[in-house]
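Student: coords please:
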Amino acid sequence: MGRADACDGEGVGALGRGLFIGVLFLLLAACSGPDYGNPDLVPRKATFAAPKYSDAEGVWRRARLAIPVRGTTGSLITTNDPNLKFYNLSGTNPGVRWPVVMIYGGCQAFPSEATIKGLAEQGFVVLQLDSRHRLTRPLKCDPNKLLHGRAAEDMRDRQATLNYALKALEGRSWADQNNIFIIGMAEAAPAVAYLYGARVKGRVLAEWDCGGGQAISGLRDADKLASFAVTSAYVPALEGGCSRYFDQNPQSRKLTLPMLYPRDILAEPIVFTQMLQFFDQQMFR
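Tutor: Model prediction:
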């Protein structure tokens, strides 16, 4: 019995020494690290290819697209992919052309999903442009400046984005080029108000008073292009807001709400209803 105990003790001791030596060897190997003398093992910094397109094209490529689905009361929201099987998704024949509503959001003012889907379910294809997708030169949207200051600062870049999107839309076979409407929200509204030379049926200016400095105030082609303007207490319509230019066009109309609507003024039932009436008025006159 004593011999067996002694042998068992010696075996356990040898096993313990063997495990210790093995662990020590592994630790030394790990601490030595890879052989950086081998150029194939030298760590490299990650590099990412810069986009091969402009900021305006980037916003267009990443636009949200809401599609009406024929035969249902629903809609489908996806991205603006040029390879999208549009007619398969909409359940229509390739010859069908859809009226289009293009919405350009501001620094903090964006259309809600309810607005986008609601318009699509009324038979419009909706494109939402979002300048947060600018990768090379983001918009400033300086929070220390007031609405007019932010709008003026980024006016030129927003105009370039809008003009690019309208030109690119000409290549979409499903778009009814005779029935295109544009909505500008807050800081993006001046780019819509000053739209030049585009074939659009009408424009909507949300939370904008057509004021500010010389570069952003006013309304281009007020006598030729009908406009629908809606403001809330967020943007007091001083001196009548954009409506001061509406005398030149009997098709233009305004709506002023007394309360604040910080999320999406377009989703308010009275605004949405009157906006649809404005679209119908322009399409069927």
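Student: what's in contact with the helix or strand hosting Lys167?
Tutor: Counting by DSSP states H and E, the element that carries Lys167 is helix 155-169. With contact meaning C-beta atoms under 8 Å, 6 or more residues apart in numbering, helix 155-169 is reached by 54-57, 59-60, 63, 100, 102, 104, 127, 129, 131, 134, 137, 139, 175, 177, 180, 182, 187-188, 190-192, 194-195, 198, 200, 215-216. Yep, even glycine has a C-beta here, placed from its N, CA and C like the rest.
Student: buried residues in that helix?
Tutor: 155, 157-159, 161-166, 168-169 (16 or more other C-beta atoms under 10 Å).
Student: likewise stretch 178-192?
Tutor: 179-192.
Student: any regions of the stretch 101-250 of the chain where pLDDT drops low?
Tutor: Regions of the stretch 101-250 of the chain meeting the criterion pLDDT under 70 cover residues 236-239.
Student: which residues in it form helices?
Tutor: 113-120, 147-153, 155-169, 189-193 (DSSP state H, counting those that start in this stretch).
Student: just how off-centre is the longest one within its chain?
Tutor: In terms of C-alpha atoms, centre = their mean, to the nearest Å, the centre of helix 155-169 is set 13 Å apart from its chain centre.
Student: same check on stretch 197-207?
Tutor: Using C-alpha atoms, centre = their mean, the offset of stretch 197-207 from its chain centre is 18 Å.
Student: using CSV, write out the CA atom coordinates for stretch 257-272.
Tutor: Below are the C-alpha coordinates for stretch 257-272, written out as CSV (Å, rounded to 0.1, in the frame of the first residue of the first chain):
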residue,chain,number,x,y,z
LEU,A,257,-51.0,76.4,-38.9
PRO,A,258,-50.8,78.1,-35.5
MET,A,259,-49.1,75.3,-33.5
LEU,A,260,-45.6,73.6,-33.6
TYR,A,261,-45.1,70.4,-35.6
PRO,A,262,-41.6,69.3,-34.9
ARG,A,263,-41.8,65.9,-36.6
ASP,A,264,-43.3,66.2,-40.0
ILE,A,265,-45.8,68.9,-40.8
LEU,A,266,-46.7,67.1,-44.1
ALA,A,267,-48.2,64.2,-42.1
GLU,A,268,-50.8,66.5,-40.5
PRO,A,269,-54.2,65.4,-42.0
ILE,A,270,-55.2,68.9,-43.1
VAL,A,271,-51.8,69.5,-44.7
PHE,A,272,-51.7,66.1,-46.4
